[in-house]
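Asks: task: produce atomic coordinates for the following.
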Amino acid sequence: MQTVLITGANRSIGLETAKKLSEKGLFIYLGSRDLAKGEAVVKDLAEKGFKNMKAVEIDVTSPDSVSKARDLIEKEQGKLDILINNAGILGVQPQTAEATAVENIREVFETNFFGAITVTQAFLELLKKSDRPRISNITSGLGSLTLHTDPQWKYYHVKNAAYGPSKSALNAYTIVLAYELRELPFKVNVIDPGYTATDFNHHSGPGSIESAATFIVKHTLTDEDGPTGQFFSNDIEDETGISPW
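Replies: Numbering: from 1, shown residues only. Reported below is the predicted structural model:
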């Protein structure tokens, strides 16, 4: 049975992704900063028929927390097949380039960028023990520099000084990581689930959580001939789903 770690998975898109992967027969480590909340979610899901899940405490901004999560998974599984770096924060609003405090920008980067790197580096050795290792970094269309410079883009006027740039940085890191792992059976991609109605954005997005999770699963469970170092977006209206960087 393949094993998956999803950070920030106790609610919203992360939770729906966990459910869909569980239905496909994978074992899910449901990552949550608050273990009690994660365990409550797993208990509720178990009562609904989801048996192959376990909550794991992981705060991506805490190297010690990440290390403990890695040790637990290594002890129980000996390897990890799929890592989905889903944990993220929006940060204080509004986020103007002129006035947003540096500490507020740094806080967003700590979770969305440095947190994803901390988790990835901690779990790389376990992923290398898998026959089909996959790393999916969950990004946003707001991380696309190309789209942000196109006045015809439907979200052109949605600008911020912390959230979008943190995702642009994550995209850039993913390109480098995919390149470094290119000779191994890794598939390393960034996936934008699209502008989705969640608590994260006060349910302002037009997309559904189910559609977002389905898209993440599709571009995570790729075969050996699948792409690596690519940017997929659920908001791109063509069959490839490939977004400009």
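
Asks: for stretch 220-230, buried residues please.
Replies: By 16 or more other C-beta atoms under 10 Å, the buried positions in stretch 220-230 come out as 220, 221, 222, 228, 229, 230. Just so you know, the C-beta spots here come from the backbone N, C-alpha and C atoms, and that holds for glycine as well.

Asks: can you tell me which of the residues you listed are in helices?
Replies: residue 220 (DSSP state H).

Asks: got the buried residues of stretch 220-230 as TSV, with distance to residue 103 and pLDDT columns?
Replies: Listed next are the buried residues of stretch 220-230 as TSV, based on distance: C-beta to C-beta, whole Å; pLDDT from 0 to 100:
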residue	distance to residue 103	pLDDT
220	34	98
221	39	98
222	39	97
228	35	98
229	33	98
230	34	98
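
Asks: what about the strand or helix carrying residue 118, average pLDDT?
Replies: Residue 118 belongs to helix 116-127 when assigned by DSSP states H and E. Helix 116-127 carries an average pLDDT of 98.

Asks: chain center to the longest helix that the chain contains: distance?
Replies: Longest helix in the chain, counting residues (DSSP H): helix 163-180. Distance of helix 163-180 from its chain centroid, counting by C-alpha atoms, centre = their mean, to the nearest Å, is 12 Å.

Asks: what's the burial count for residue 54?
Replies: A count of neighbours around residue 54, defined by other C-beta atoms under 10 Å, yields 15.

Asks: what sits up against whatever helix or strand it lives in?
Replies: Remark: residue 54 resides in strand 53-57, with elements defined by DSSP H and E. Contact partners of strand 53-57, identified using C-beta atoms under 8 Å, 6 or more residues apart in numbering, comprise 5, 10, 18, 22, 27-35, 38-39, 41-42, 45-46, 65, 68-69, 72-73.

Asks: which residues touch the most centrally placed residue in the chain?
Replies: The residue lying closest to the centre of the chain (C-alpha atoms, centre = their mean) is residue 86, at 2.5 Å. By C-beta under 8 Å, 6+ apart, residue 86 lies in contact with 6, 7, 8, 9, 13, 14, 17, 31, 138.

Asks: the helix holding residue 118 vs helix 163-180, what angle?
Replies: 30 degrees (axes from the mean of the first three to the mean of the last three C-alpha atoms, to 10 degrees).

Asks: which of the residues in helix 116-127 are buried?
Replies: Across helix 116-127, burial judged by 16+ other C-beta under 10 Å covers 116, 117, 118, 119, 120, 122, 123, 124, 126, 127.

Asks: next, count neighbours for the closest residue to the second one other than its chain neighbours.
Replies: It refers to residue 117. Once flanking residues are discounted, residue 117 sits nearest to residue 173: 6.3 Å by C-beta to C-beta, 6 or more residues apart in numbering. Using other C-beta under 10 Å, residue 173 has 18 other residues around it.
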